[in-house]
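Engineer: no sequence for this one, just the structure:
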Ligand SMILES: Nc1ncnc2c1ncn2[C@@H]1O[C@H](COP(=O)(O)OP(=O)(O)O)[C@@H](O)[C@H]1O
Ligand SMILES: Nc1ncnc2c1ncn2[C@@H]1O[C@H](COP(=O)(O)OP(=O)(O)O)[C@@H](O)[C@H]1O
Ligand SMILES: Nc1ncnc2c1ncn2[C@@H]1O[C@H](COP(=O)(O)OP(=O)(O)O)[C@@H](O)[C@H]1O
């Protein structure tokens, strides 16, 4: 079991969702974060104060998958999230020891397989 | 040391907090996320546009615990977060290599034991 | 590769950003969370209802680093985020199996080294 | 002291019985009162959880839609037509016989009078929604508002403001609606809360206002509109209009000050939600009395009115009564206080109508007491029966599941706040390939 | 039925030709209409994504800046000066010959008249922004607004409201701006949407309103201001002012009710965004007709006006036309409905001017049809050509990249909502050590 | 050129000396100005960080509470009673001798005059809060507001608006409060910022406005209210009211345009916060001059006023002076500009009172200069001393810890925005089992 954490541009979030859907990844969680990488700067002004917006809006995907789903998941995010410009984001794959489905108490692979 | 990540329904968040409190888990972090699983769909209309709300509001708990606390923590979340309907959420247990308490620099188990 | 997760006070977030910047850590993600630890309570009143604000606003840093960067990163967060009062937060270091840069598909260390 | 010289009646240049200054003022006053209903929607929306913000606001706007039409179709006639002591008859249904010409006894067109009174009925119906937010079905609320306007508001307005009304006959003083607006809404709210029942989370979770700024802005706009409400109730720029205007500034200001002080003395902070509430309480308190008491009495009334309403607001959540936004405390009780206060402090030198007990006329207190007794009983019982009967033919509450998800999504198919991510476009589908939907098997 | 008695003209005490009541009313009405432009900004801002909220609001405020000045410099003269049937001449540029004295034929100072008419031109220009939000360059929009006021609005106002205008000569009835305000803005919006082109995300992503509460509050404030807009268009407290006031309450209320009903019957929920839209549609529908039809006809018009606009709003997103906030449906089409409706329902007993087809005067319908035909053509073509010409000398749209990031950051260097974390202070730099900047190599 | 014909005084039908049109107008104007104080609260609340939003708004509402009462109790008497050249006496304390009858020299009831003037004092006190938000103790601010109204505002109003005032004697022209409102608040703000000291984060972190939409809406509502403020200062619908109204449209519109242009020319974007500020600056600039200069001069003044205020706003944050929301630049300096401008551009043909230097009366410039010199000195010194004395008997600032957490929680026990999760209900505890609390050992 792995947890795939993908950080992408907000404007690409819908495309990533769609790509994951096509890759038959059914469970995922999304949150809004801010990130800093190598992007060029964005400067804002407030009444004589100049401010550098160091942080950019990003969307963070968190997807728990069984081991053989890691590759398709990573590929889906990579392809759908890519624009080729600095700031596209990163993917981290983190090992997971146990997964539980709260509704049923099922464990591990059973927990991430959707019941149809 | 483990990091227990629990994703639950917002309406159950208070119950989970309470259950963790009773299980004597003292440190935790909470954030609001959106998730997709097997839930039935929710459709919204905006001036002639129909929109599928693919993503549901969820609450994400992140609890760093020493190994022997993993089970009580998972149990607490599982019980308090369960409604039996699709959409109850998941729990992931992730290994942690090191923990630090920023205030004191204490490490590992000492870092997650509350000072009373 | 490791993922360093640091949870700090919002009023210290700018200092932590600065410290990481000085430690030459270039990529990071930030999100706003709420946390509970050993802090003293904050009580609010709404029209006859008394409410205990169990949860405090915190800022969560998530920094993917190659192994030899773990120590400087942890140190930077620890120093810049510390006030010495209860509520300063925690740092978790989580193992990472793979990292990808979405823009280029580069993997692992290459993925977290900024292109200059 | 004051004599007639201190109470001039400016009739302006009257042509065909219409005074341009009075008409100008009454059109503005009407617009101000009409603005109060959305202001109430904003105030209420700020006080609920974000998942119910739109629904709460929509209840006020919905009342504007259905009550406006109900008013001109029938309720106006029931309220202001001659009829008997209890209710008007149907002479003016569909605004028959209503013209641009002056209303008898006034120097303004009857149409303006109709609109001004409509604005009162609208906001009163909207006020009741505060008792049942976060759980009542939207459609049922709209039906309720229309029926309530005819069956509860119209008779009560008739009682005090029609020359034929039984309370008017008894010389009850009610300047701008202690009976048909404030007590009617407050005690109807109590009945509605009882019939509809408590929210499922009530008393089990901390339910916090989702946006205090909306509450403050809403209460401020209500205060702004209240100048039209109270000073407009003179139906002229003359008579008691300037006095009512002044008192509408002083009473809520004092209530606000006293409320913050009580908050503070109870070892707490001066809360903002409390402040917003205090403005409403003070304005309600002065509503029946605005044109009848001196400015210094208004300050006293403003201060006094804070106390019972504050106490009720602190006590109510300890009961099992989920009268959610405390309409009873803020309107019913404060209106009651105001109506009785007139019995003591009415001052003929200011109002040219009559004195209260302290100025030599104890009988006025008795008259006010009759109103203060009759209004709650009628409003409470009428609303209780009305909602019970409605419950026989339609659902009043949303399903528990929808209550959990929030009424915005359940009743309106929308959320108040969104950033758009994660919502997938279904229709129009031209640009979005269908293959996507198809790939899900 | 009604005779002159039902239509008194209160002239107040006229001294030097000025009536104090009329002046009071018209100053308030003007202030109310001026308030409508920021209310529109709020309404529009709620309907866009949060990354464009400030820019959307700023388009309305920007229109206040440039159109106000343009108006007094030249557009007022073009609109209201004698001139020919098509456009005024330059007698009043820079407000020459305009004084505190009464405008001929009215009992209010000419300066007040200038401001009242200015407020109309301002909001009309601001309305068009709804078609091009989230992508048009701010500077280009400001230039457009100034030119549009002179070239499109001023002539069209001249047509119907100058004694010399060709539509006025044909006795077209347009009480408060079906031609120069509603149809002009609606069909200009269509042209603008075509010239500027669709947003890059249009039809590909679900684009949701970011704050429904703003939309509801904005629409409510618009309604509030509309009482000044319509009843103020009588230019006196007398004549049709009370009638227009009443109809401005009844028509939007009915539209709102009917709209919620259609929403509901289509198997859906009564949406809040729909309700906000309905208020605007109803108020637009009654705008040309407010002083010409009876209150019961206003209810009918309110109900009818909902239908075509609703249909267009449902249909438009299925096309490739990104007329983003549906100005065409809400203003162009509803204004068209209102203008034609007068041809059927105008009632001389209420308006003392003339009857429509149903009251014996079929010719009026023909006159209205001329206006309903001419206005869209001129507005659409004029705006289309104007924007195309502008496109030759300046960029009209922002760069695609900036569109993605949002116009708030790109055009104004700000974000609407922020909590401040992560923003690093650059200037003033006194307290923040420079070493930080230096350490980055 | 213009003669008396261009300046009619409509007195309406005066009965017992009251004109209904004037009274209608002045009640509306008063309500509008009273609405400005919450609008200011909203404007300020948008400009601070979200953790201080409620506190910031509450400072304005708190001023409404304490200053209203202070005004009728004593400050009105100090300002408008005969007294000497510096201050009034106590003839009207507790509104003694104030009636519904007309105020001498006016055609409106004295009570309306009292309320109108109260609304000025309230907002002026509220303005100063902008200098000390995010750190001043709420209770101390309320005490300050009450004392400031009596000790600074009342005398300064007396100077220019009481027939007895020393500046009035010198024929200083100040239409709507350049001296007692704008310069008084601006220079008092400077003093307050110095005494209270900078925020601990000032100059060390980027502190950004948390909600630009609130700022825009607040500024827009301020502008709306300003029509009552300036045109109401004629105290009639006649005299300079229409002129003041027109100028209140044109000057801020021009300032807004010029400000956006400067923003743009400095190689930056036309910021929204800048636009909101510009509206205020323009309205302030025209405040003293509204009824004295021609509309074209108002456009000039609007444009000119932008420049010094813009410069000060850009320069101030580079200093160590944390005059947080730039009350000095937006009010003090713009008011100063307006007062002096009159000395050049006053035009007797428009104001029937006197000319400025450019129209042949250089002495007027000297008179204006006296006012422009005296007001800042008195306001600054008076406020400085007052706050220093207050500091001897009470804490003025919150504890540093509370400043970090935000004043909403610290001073009011609330947060502006919340979704309710994670808040645990403590009282009422009936439904929530006590075992929970008990289980924690
Ligand atoms: N080491 C990292 N740890 C955590 N998040 C990162 C890291 N590096 C980048 N990110 C996230 O990815 C986003 C884009 O990264 P960036 O380095 O700018 O793009 P690119 O990979 O195209 O060079 C950042 O805004 C940040 O949210
Ligand atoms: N594989 C996953 N990875 C990350 N989050 C998940 C995953 N599966 C489910 N979730 C989260 O759990 C929530 C509920 O999951 P769902 O599958 O609908 O419920 P159930 O487990 O009851 O079938 C989702 O909305 C999502 O936030
Ligand atoms: N075990 C934990 N798991 C996850 N987050 C934690 C944990 N312990 C503390 N935190 C986070 O750190 C914040 C501060 O922790 P706290 O224990 O109060 O501080 P301290 O370490 O100074 O005693 C909490 O608000 C919470 O967000």
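Structural biologist: Yep, that arrived. Here the structure is a predicted model, which is why all the values come from computation and not from measurement. Residues are numbered from 1 along each chain as shown, chains lettered A, B, ... in the order given. Ligands and ions are numbered 1, 2, ... in the order given.

Engineer: all helices of the stretch 201-350 of chain D, in order?
Structural biologist: D:212-232, D:241-265, D:272-286, D:295-315, D:327, D:334-345, D:348-351 (DSSP state H, counting those that start in this stretch).

Engineer: the shortest one and chain C in contact?
Structural biologist: No - Helix D:327 stays clear of chain C (C-beta under 8 Å from any C-beta of the partner chain), getting no nearer than 12.3 Å. To be clear about C-beta, it is placed using only N, CA and C from the backbone, and glycine gets the same treatment.

Engineer: any idea of the mean pLDDT in that helix?
Structural biologist: Helix D:327 shows a mean pLDDT of 98.

Engineer: ok, now the third one?
Structural biologist: Helix D:272-286 comes out with an average pLDDT of 98.

Engineer: next, the angle helix D:334-345 makes with that helix.
Structural biologist: Calculated by axes from the mean of the first three to the mean of the last three C-alpha atoms, to 10 degrees, helix D:272-286 forms an angle of 40 degrees with helix D:334-345.

Engineer: ok, the closest residue to residue D:186 other than its chain neighbours - contacts?
Structural biologist: Once flanking residues are discounted, residue D:186 sits nearest to residue D:332: 1.9 Å by C-beta to C-beta, 6 or more residues apart in numbering or on different chains. Counting by C-beta atoms under 8 Å, 6 or more residues apart in numbering or on different chains, residue D:332 touches D:182-183, D:185-187, D:189-190, D:376.

Engineer: quickly note the distance from residue D:332 to residue D:44.
Structural biologist: Using C-beta to C-beta, to the nearest Å, one gets 16 Å for the distance from residue D:332 to residue D:44.

Engineer: now residue 103, nearest residue through space, not along the chain?
Structural biologist: In the absence of a named chain, this looks at chain A. Closest to residue A:103 by C-beta to C-beta, 6+ apart is residue B:88, at 3.9 Å.

Engineer: that's the wrong chain, I meant chain D
Structural biologist: Sequence neighbours aside, residue D:110 is the residue nearest to residue D:103 in space, at 4.1 Å (criterion: C-beta to C-beta, 6+ apart).

Engineer: got the phi/psi numbers for the residue nearest to residue A:103?
Structural biologist: phi -70, psi -30 (degrees, to the nearest 10).

Engineer: do the one 5 residues further on as well
Structural biologist: Its backbone dihedrals place residue B:93 at phi -110, psi 120, with angles given as degrees, to the nearest 10.

Engineer: residues near the residue nearest to residue A:103, how many?
Structural biologist: Residues near residue B:88, counting by other C-beta atoms under 10 Å in any protein chain shown, number 21.

Engineer: measure the residue in the stretch 251-400 of chain D positioned nearest to chain E to chain C for me?
Structural biologist: Here the stretch 251-400 of chain D gets closest to chain E at one residue, residue D:398, 11.6 Å apart by C-beta to the nearest C-beta. Using C-beta to the nearest C-beta, to the nearest Å, residue D:398 is found at 23 Å from chain C.

Engineer: same check on residue D:17?
Structural biologist: 49 Å.

Engineer: same question, residue A:79
Structural biologist: For residue A:79 relative to chain C (C-beta to the nearest C-beta), the value is 9 Å.
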